[in-house]
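**Student:** Take a look and give me a structure for this.
(4 chains)
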Number of protein chains: 2
Amino acid sequence: MKTSFLYLFYSLPYLNMLSNSSKYAIKAVLFLALNASEKKKVMVKNISKPINVPQAYIAKLLQPLVKEKIVSSARGPKGGFYLDETNLEQPIISIVNIIDGEKRLNSCLMSLKKCNEEKPCPLHNELSASRAQILNNLRSRTIKDLVKEVKLGNAFLPL
Amino acid sequence: MKTSFLYLFYSLPYLNMLSNSSKYAIKAVLFLALNASEKKKVMVKNISKPINVPQAYIAKLLQPLVKEKIVSSARGPKGGFYLDETNLEQPIISIVNIIDGEKRLNSCLMSLKKCNEEKPCPLHNELSASRAQILNNLRSRTIKDLVKEVKLGNAFLPL
DNA sequence: AATAAAATATGATAAAAATCATATTAAGGA
DNA sequence: TCCTTAATATGATTTTTATCATATTTTATT
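**Tutor:** Okay, here's the model as predicted:
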């Protein structure tokens, strides 16, 4: 069945739900989940290369994630980043919320400032169903879930 | 069937294929296609309100579209914007190419500067299939097609 | 012809996102 | 204890995107 172009069109508003920074952060976290452990910490430079994000940039993105306990780290020699069990249980959405702030994902899809639950814009209800679905995914899936899916075999890791 | 979160994850790189400006422009053009004609031109201020984009902003976006014959216009009293038959036959992608430039849609999905056809990045081939599909849609569908679909009845117009 | 209404052209400003640089702090190993 | 390694904190810079402002040109109408 041919996908309706309208589908694409309607999805336009979603195309900015995540910032580049969030995407980078997700990539980095997934990379750590797959390649690091408490016994095998990974340094920023060894993260930035494979996921292809400038070192100083990804380093900065990792800071708040460490502070909010999405990622673990250790300084000094033998130091680096990794995920512990608790980290792995965090939902994907927390990464986005930390990097982009809560507002972005929750604001009006049409960027209509005056639009809100009480006074919804024309599209609010129609769109919010599919948005809710996306949000739900981000909320209910943990990093671990993501790792599981990757390992199960759809298999290639987008870096 | 539950959508794999991986699907979402893999689609991350696409989330920036279009700029906001392009989306605004597409909205404006579709709005004109549905509401204007040579006999019933629409002024910028009457476009900007319903599609909810600042007047000066959408005015600026319309200029290059007029110059490239995606949109028609007339100055002075009774002037305004509209689409003629030729305009309606233009593919959606031309809007994007004019507003964002050709580069954006064609550059590496992972924003890898060194990546190109000869020296593709690890993801290039996997991703390029689905990208090709999107591009193909944008290339093969005209504004008229879009209007037709809207009128046929999936029906609501996202403004 | 004069007037007014519209697009057009141009550029200034603001805001956000991305990137770079550097000094500081903590930890391990000699 | 001292040195080195690595994260951390901070902030500066650059680039891109979005927005605003204003003067100019064209055209219909009177």
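**Student:** is stretch A:68-87 up against DNA strand C anywhere?
**Tutor:** Yes - residues of stretch A:68-87 contacting DNA strand C under Cβ under 7 Å from any atom of the strand: A:74-79. All C-beta atoms are positioned from the backbone trio N, CA, C, and that covers glycine.
**Student:** Can you give the contact residues for that stretch?
**Tutor:** With Cβ atoms under 8 Å, 6 or more residues apart in numbering or on different chains as the contact definition, stretch A:68-87 has outside contacts at A:29, A:32-33, A:36-38, A:40-44, A:46-47, A:62, A:65-66, A:90, A:94-95, A:98, A:143.
**Student:** what ranges do the strands span in chain A?
**Tutor:** A:72-74, A:80-82 (DSSP state E).
**Student:** okay, and for chain A, where does confidence drop off?
**Tutor:** Where chain A drops to pLDDT under 70, the residues are A:1-16, A:103-134, A:152-159.
**Student:** Recalculate using a threshold of 50.
**Tutor:** For chain A, the stretches with pLDDT under 50 are A:1-10, A:109-125, A:153-159.
**Student:** who in chain A is up against DNA strand D?
**Tutor:** So chain A meets DNA strand D at A:42-45, A:56, A:59-60, A:62-63, A:66-67, A:73-77, A:79-81 (Cβ under 7 Å from any atom of the strand).
**Student:** so which of the strands of chain A is the most packed in?
**Tutor:** Highest mean neighbour count among these (mean count of other Cβ atoms under 10 Å in any protein chain shown): strand A:80-82, with a mean of 22.
**Student:** and the residues of stretch A:68-87 next to DNA strand C as a markdown table, adding distance to residue A:25?
**Tutor:** A markdown table is the format used below for the residues of stretch A:68-87 next to DNA strand C (distance: Cβ to Cβ, whole Å):
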| residue | distance to residue A:25 |
| --- | --- |
| A:74 | 19 |
| A:75 | 20 |
| A:76 | 24 |
| A:77 | 26 |
| A:78 | 24 |
| A:79 | 20 |
